[in-house]
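Visitor: here is my input; please provide its structure:
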Amino acid sequence: MILSAHQPAYLPWLGYFDKLLRSDLFIFLDTVQYEKNSFINRNRIKTPQGPVWLTIPVKTKGHISSTMLETEIDSSQNWREKHLKSIYLNYRKAPYFEICYPKLECLYQQKIDLLADLCFEHLSFWLQELGVSPQLVRSSALPIASKKSDLIFDLCSQFQADRYISGTLGQDYLEVDRFQAAGISIEFQDYRHPSYPQLYGNFLPYMGIVDLWMNSQDFSIITGQPL
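Guide: Residues are numbered from 1 along each chain as shown. Next comes the predicted model:
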């Protein structure tokens, strides 16, 4: 059993999907603390002027120690319309725009108050577009309340995983010796970003998934294997 986990992310980049798709089980970490200025509520799209951030506004006042489950979207701001407009203006000449954009218009009509719920709904949408249906579990549905290395260890134990795929930042906090002693190997992801046809000059990596989706339907490049 190969397990991976990651906190919610808006418009995830390709490395997020690589980790998820190479796992037998992906844990959607919606019980971890919200991190301001992270990739949880924002990501980039490519424009003629370079990368531009699309950010979901959230209510952070009084919620410094809130978990993802408690993080509310600031719906007083018309961010949905702004994001759709930015995507429309910058991808209307992309090869798959006519097929893809109407789907986004439907997706962004959803009125969701909590950031974690929105990210989960969007992740489900992107996986459906990729044509895959991996096993996902929200950490909030599990009887596990530990943190950092203990959290990952408990998740692996819960599902009897013998391999865990970690992001590179996991090297800063995972107690590797403890995992090895329990027969759990750890792979620290070293994602080699693929290139694909893209608008506006030289290729820019690390854009949100919408960039690949609009420009190319060859999703096998995410993992280097057929999906």
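
Visitor: how far off centre is the helix of greatest length in the chain?
Guide: Longest helix in the chain, counting residues (DSSP state H): helix 115-130. Put simply, helix 115-130 sits 8 Å off its chain's centre (C-alpha atoms, centre = their mean, to the nearest Å).

Visitor: what of stretch 125-132?
Guide: 13 Å.

Visitor: list the buried residues of that stretch.
Guide: Residues of stretch 125-132 classed as buried: 125-127, 129-130 (neighbour count, 16 or more other C-beta atoms under 10 Å). Where C-beta positions appear, they are placed from N, C-alpha and C, glycine not excepted.

Visitor: and if you look at stretch 28-46?
Guide: Under 16+ other C-beta under 10 Å, the buried positions of stretch 28-46 are 28-32, 34, 39-46.

Visitor: cool, and stretch 131-142?
Guide: Neighbour counts over stretch 131-142 (16+ other C-beta under 10 Å) mark 134, 137-139 as buried.

Visitor: so where's the chain shaky on pLDDT?
Guide: Applying pLDDT under 70 to the chain flags residues 61-65.

Visitor: can you show me the helices along it?
Guide: Here the chain has its helices, by DSSP H, at 14-21, 79-91, 97-107, 115-130, 148-158, 176-181, 209-215.

Visitor: adding distance to Ile56 as columns, could you present those helices in JSON lines?
Guide: Below are the helices of the chain laid out as JSON lines (distance: least, C-beta to C-beta, whole Å):
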{"stretch": "helix 14-21", "distance to Ile56": "16"}
{"stretch": "helix 79-91", "distance to Ile56": "6"}
{"stretch": "helix 97-107", "distance to Ile56": "13"}
{"stretch": "helix 115-130", "distance to Ile56": "7"}
{"stretch": "helix 148-158", "distance to Ile56": "25"}
{"stretch": "helix 176-181", "distance to Ile56": "34"}
{"stretch": "helix 209-215", "distance to Ile56": "14"}
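
Visitor: which of those sits most buried?
Guide: Ranked by mean neighbour count under mean count of other C-beta atoms under 10 Å, these are led by helix 209-215, which reaches a mean of 24.

Visitor: how about residues contacting stretch 130-139?
Guide: 5, 17, 20-21, 23-32, 120, 123-124, 127, 151, 155, 219, 222, 227 (C-beta atoms under 8 Å, 6 or more residues apart in numbering).
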